[in-house]
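Enquirer: Build me a model:
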Amino acid sequence: MEAFSDLRHYEQAFVVGIGASANRLSAEVRYEHSNGFLRYTDLGSSFERYSLLIGYRLH
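Expert: Residues are numbered from 1 along each chain as shown. Take a look at the predicted model:
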């Protein structure tokens, strides 16, 4: 595919998160922003992602 022949060799991303734990429960919120793997901004390969991680310790 000619449109994807000029891929980046790397992709930059920024990740930040904050979390807390109490007793056996833990939670973390993360934000990630990437510039994408394509050099062409019109195709929109960049992304923003929000994540919520929840944990429970068994022991």
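Enquirer: Please tell me how far the residue nearest to the spatial centre of the chain sits from A20.
Expert: The residue lying closest to the centre of the chain (CA atoms, centre = their mean) is E32, at 3.9 Å. Distance, E32 to A20, using CB to CB, to the nearest Å: 19 Å. From N, CA and C alone the C-beta is placed, and that goes for glycine too.
Enquirer: Make sure the residue nearest to the centre of the chain is actually in contact with Q12.
Expert: No: counting by CB atoms under 8 Å, E32 sits too far from Q12 to count as a contact (11.2 Å).
Enquirer: about what we covered before: distance-wise, check the residue nearest to the centre of the chain relative to S51.
Expert: 7 Å.
Enquirer: just how off-centre is whichever strand or helix holds H33 within its chain?
Expert: H33 is located in strand 25-34, with elements delineated by DSSP states H and E. How far strand 25-34 lies from its chain's middle: 9 Å, per CA atoms, centre = their mean, to the nearest Å.
Enquirer: Outside of that strand itself, which residues are in contact with it?
Expert: By CB atoms under 8 Å, 6 or more residues apart in numbering, the list of residues contacting strand 25-34 from outside reads 11-21, 46-57.
Enquirer: So which of these are in helices?
Expert: Nothing among the contacts of strand 25-34 maps onto helices, per DSSP state H.
Enquirer: can you map out the strands along this structure?
Expert: Secondary structure of the chain, counting by DSSP state E: strands at 13-22, 25-34, 47-56.
Enquirer: can you tell me the average pLDDT over the last one?
Expert: Which is strand 47-56. Per-region confidence: strand 47-56 scores 95 on mean pLDDT.
Enquirer: helices and strands around that strand, which ones?
Expert: strand 13-22, strand 25-34 (3 or more CB pairs under 8 Å, 6 or more residues apart in numbering; DSSP states H and E).
Enquirer: if you compare those, which one is most tucked away?
Expert: strand 25-34 (a mean of 13; mean count of other CB atoms under 10 Å).
Enquirer: mean confidence score for that one?
Expert: 96.
Enquirer: Walk me through which strands that strand pairs with, and which way each runs.
Expert: Strand pairing for strand 25-34, using DSSP bridges, gives strand 13-22 (antiparallel), strand 47-56 (antiparallel).
Enquirer: I'm done for today, thanks for sticking with me.
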